[in-house]
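Chemist: Take this sequence and fold it.
(one chain, ligands or ions: 2)
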Amino acid sequence: MLSLQELLFRYLRTVSLLSLRYIFFAGTLFLIFYVWKKRHFFKLKIQQKYPDNKHIFREIGYSFLSLTIFSLVGTTMFILRKNGYTQMYLNFSDHSVGYFVFSVVAFILMHDAYFYWTHRFMHWKPIYPYVHKIHHLSTNPTPWAAFAFHPLEAVIEVGIVPIMIFLMPLHPFALLAWVLYQTGMNVLGHLGFEVFPSGFTTGVISKFSNTSTHHNMHHKYVTSNYGLYFNIWDRMLGTNHPEYTEQFEMVKARAKELESEEKTSVMESFAKQ
Ligand SMILES: [Zn+2]
Ligand SMILES: [Zn+2]
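Modeler: Numbers count the residues shown, from 1 in each chain. Ligands and ions are numbered 1, 2, ... in the order given. Predicted structure coming up:
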């Protein structure tokens with residue numbers, strides 16, 4: 001039986017680890033794209049403007065609140081695992097390497113489906129103003145918006161973890177691999193800059209991956225582009241924004257144009273000297 005002190009320690013440790021993960025992923029990209037190389041990357045900015053600081057502080061505040069809720073669920077799962085109620089396994093050799101890889105892929109695909117359907121549910125008119133609207137206060141999101149949820153939405157978002165650890169045997173490293181992939185894609189979705197190359201949304205395989213433009217358009221237009229990692233559910237159910245590819249290519253074309261303008265002006269200034 002774990003003492004209250006041990007549980008509190010476990011909870012605070014989880015809050016710290018999740019906070020570090022958030023600060024590392026969101027903070028690094030924010031520093032590069034919004035501060036250090038701001039001028040250089042502006043050509044890739046999907047919406048050609050920056051949000052006010054008050055919006056950024058709101059995104060950070062709600063994200064930290066979500067992390068405290070995720071940690072509560074994480075600590076509860078830890079207690080349940082300790083008491084043998086979950087299917088988690090600690091001994092790597094209990095299952096094959098092939099199974100380990102399968103479990104990570106299954107987790108990601110299941111989460112993609114879970115996210116799409118819970119996201120659509122939260123967009124349902126009677127529910128939307130009370131829960132998901134908080135996330136949509138960011139109409140031009142920054143990476144800090146990755147976990148900017150109403151506390152109830154934070155509970156829904158983390159719900160995939162108990163489902164998966166009760167459903168199938170998972171090693172903590174499989175959970176870690178999912179956490180890293182999930183955070184990376186989530187932060188990328190809220191980046192506000194398009195980093196994928198032209199043609200990405202029409203490529204035979206690449207079109208099934210979401211992009212920054214995809215989720216940025218979800219924040220701008222609200223009623224389309226619900227998917228998280230993959231562009232499968234949105235394609236199957238016709239919820240992709242009709243101008244998704246057009247807007248993606250528009251950002252890329254504008255960036256190319258600005259780049260060639262920059263080069264011309266540099267060459268002209270050299271010629272004058
Ligand atoms: Zn939404
Ligand atoms: Zn979002």
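
Chemist: Low-confidence bits of this structure, can you list those?
Modeler: 273 (pLDDT under 70).

Chemist: Taking the centroid of it, which residue is nearest it?
Modeler: The centre of the chain sits closest to Asn186, judged by Cα atoms, centre = their mean, with a distance of 0.9 Å.

Chemist: That one is in contact with Ala146, isn't it?
Modeler: Yes. If you go by Cβ atoms under 8 Å, Asn186 and Ala146 touch, sitting 4.6 Å apart. C-beta here means a position set from N, CA and C on the backbone, and glycine is covered the same way.

Chemist: that older thread, need the residues that contact the one helix or strand the residue nearest to the centre of the chain maps to.
Modeler: Assessed by DSSP states H and E, Asn186 sits inside helix 172-189. Helix 172-189 has contacts (Cβ atoms under 8 Å, 6 or more residues apart in numbering) with 21-22, 25-26, 29, 88, 90, 92, 100, 103-104, 107-108, 111, 143, 146-147, 161, 165, 195, 210, 212, 214-216, 228-229.

Chemist: Just the ones of those in helices?
Modeler: With DSSP state H as the criterion, helices contain 21-22, 25-26, 29, 100, 103-104, 107-108, 111, 161, 165, 212, 214-216 from among those.

Chemist: Now list the buried members of those.
Modeler: 22, 25-26, 29, 100, 103-104, 107-108, 111, 161, 165, 212, 214-216 (16 or more other Cβ atoms under 10 Å).

Chemist: Report the distance from the helix holding Asn186 to the chain centre.
Modeler: 8 Å (Cα atoms, centre = their mean, to the nearest Å).

Chemist: Counting neighbours, which bits of that helix end up buried?
Modeler: By 16+ other Cβ under 10 Å, the buried positions in helix 172-189 come out as 174-175, 177-178, 182-183, 185-189.

Chemist: Nice, that's everything, thank you.
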